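K.L.:
What follows is a predicted protein model with its sequence.
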Amino acid sequence: MASVQIHESVVIGAGQGGLSASFHLRRLGIEHVVLDANTRPGGAWQHRWDSLSMDDVHGVADLPDARAPDESGDRANEVIARWFDEYEDTHELPVLRPVHVDRVTDEDGLLVVRAGESSWTSRTLINATGTWTRPFVPSYPGQRDFRGEQWHTVAYPGAEHFRGKRVVVVGGGASAVQFIGEIATIADLTWVTRREPVWNDGDFSGREAIELVQERVREGRPPASVVSATGLQLRPQEMDAARTGVYGRRRPMFQRIEQDGVRWADGNHERVDAILWATGFRAAVRHLAPLGLRSPEGGIALQPGSTDVQTSVTSAVDPRVQLVGYGPSASTIGGNRAGRAAAVAVRRHLNRQSAAAAARRARGPRVS
């Protein structure tokens, strides 16, 4: 019977956070493998809509030892995917793809990462799966009976698809604002949110927002988006739409969806051709369920970071598991900081394991 290779670490996901973690693991001399579900490099960026240019993205942080591409009118899904590809090659990162991880289990004190019939056994785990594979669409009465189109951010077809149509955009985040900026001048658009949008007047820092997200994660609650704390801002790209007044005509959520439109709380009906759900994503961590990391509040509690809130990556339940791109590190710059913090935490845990094993050997076998 063939022996099972035991890796020092396994990284799940080869987006910004996963690549950063792999870079730092290599720098620290920690043997590992990176498992990525995509067929090619690019992380979630390769799946973004074609109209998203490098001028439109809300900032891309540098990778360790590699400067991010400059702003341009080129498609972000091509530019960043190419950058990630070159980065993997340049730093000889051990990425395997496509590998769709089903679950991670604890077997005799080791972590076993399973993908169908394949498995990898490891002493530690860095989870960097992000959120893109878990789009969230809220449920409303009559939703399945709607004869028009329903789209989510994950499959946004581009502004031209909506030209001349009656469109409802649902969501109070940055993506909703961006979609409205593209669509409002070519379609009959209505913006709806559950809560009144909060606009950023410049008095609230990103650091404060991240700390609020970190507070939720420390308490074991599901993480909220950073923009929910920072508020919304209009960029030059949204100014044409802003002049139509669309951002000031936000409506509260409809009461139900009907075959040809939506019914408002006041009883009025509005015909709609398409609903665009810019309602965000949830953390892609279902494969970690067998490890029992979730708290009673529904989130995964993390230990406080040693240097700043974006280095809070270690599971409070199982120190073998690091989560990059979860909660306060759910941004490109956060993913970089978290990637380094995760690699350092892995080294610390491996060193502790080695020291404990050496102490056991020094004590010798027990005498009954």
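P.N.:
The structure has been received and is ready for your questions. Residues are numbered from 1 along each chain as shown.
K.L.:
Give me the neighbour count for the closest residue to Pro138 other than its chain neighbours.
P.N.:
With sequence-adjacent residues excluded and distances taken as Cβ to Cβ, 6 or more residues apart in numbering, Pro138 is closest to Thr279, at 6.0 Å. For glycine as for every other residue, the C-beta is placed from the backbone atoms N, C-alpha and C. Using other Cβ atoms under 10 Å, Thr279 has 19 other residues around it.
K.L.:
hang on, isn't Thr279 packed against Val170?
P.N.:
Yes - counting by Cβ atoms under 8 Å, Thr279 touches Val170, with 6.0 Å between them.
K.L.:
Find residues that contact each of these two.
P.N.:
Pro138 (Cβ atoms under 8 Å, 6 or more residues apart in numbering).
K.L.:
Domain map for this structure?
P.N.:
6-133+281-363, 143-197+232-277 (automatic domain parsing).
K.L.:
will you turn these into a markdown table that also has mean neighbour count and mean pLDDT?
P.N.:
Supplementary listing: the domains of the chain in a markdown table, determined by neighbours: other Cβ atoms under 10 Å; pLDDT from 0 to 100:
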| stretch | mean neighbour count | mean pLDDT |
| --- | --- | --- |
| domain 6-133+281-363 | 19 | 91 |
| domain 143-197+232-277 | 17 | 94 |
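K.L.:
Just the helices from the stretch 251-368 of the chain, written as ranges.
P.N.:
332-363 (DSSP state H, counting those that start in this stretch).
K.L.:
All the strands of the stretch 201-350 of the chain, in order from the start?
P.N.:
251-252, 256-258, 261-263, 269-271, 274-277, 321-323 (DSSP state E, counting those that start in this stretch).
K.L.:
Show me what the fourth one pairs with in its sheet, parallel or antiparallel.
P.N.:
If I follow you right, that is strand 269-271. strand 261-263 (antiparallel) (DSSP bridges).
K.L.:
which residues are contacting the strand it pairs with?
P.N.:
So strand 261-263 is contacted by 142, 148, 166, 168, 254-257, 269-272, 275 (Cβ under 8 Å, 6+ apart).
K.L.:
what does stretch 102-122 give?
P.N.:
For stretch 102-122, contacts defined as Cβ under 8 Å, 6+ apart pick out 4-10, 12, 32-33, 35, 99-101, 123-125, 287-291, 320-321.
K.L.:
Any idea how far apart the tips of it sit?
P.N.:
16 Å (Cα to Cα, to the nearest Å).
K.L.:
Just give me how far it sits from the chain centre.
P.N.:
23 Å (Cα atoms, centre = their mean, to the nearest Å).
K.L.:
Quick one: end-to-end distance for stretch 136-152.
P.N.:
Stretch 136-152: ends 8 Å apart by Cα to Cα.
K.L.:
What helices and strands are in contact with whichever strand or helix holds Glu86?
P.N.:
According to DSSP states H and E, Glu86 maps onto helix 76-90. Judged by 3 or more Cβ pairs under 8 Å, 6 or more residues apart in numbering; DSSP states H and E, helix 76-90 is in contact with helix 16-27.
K.L.:
I am finished for the moment; much appreciated.
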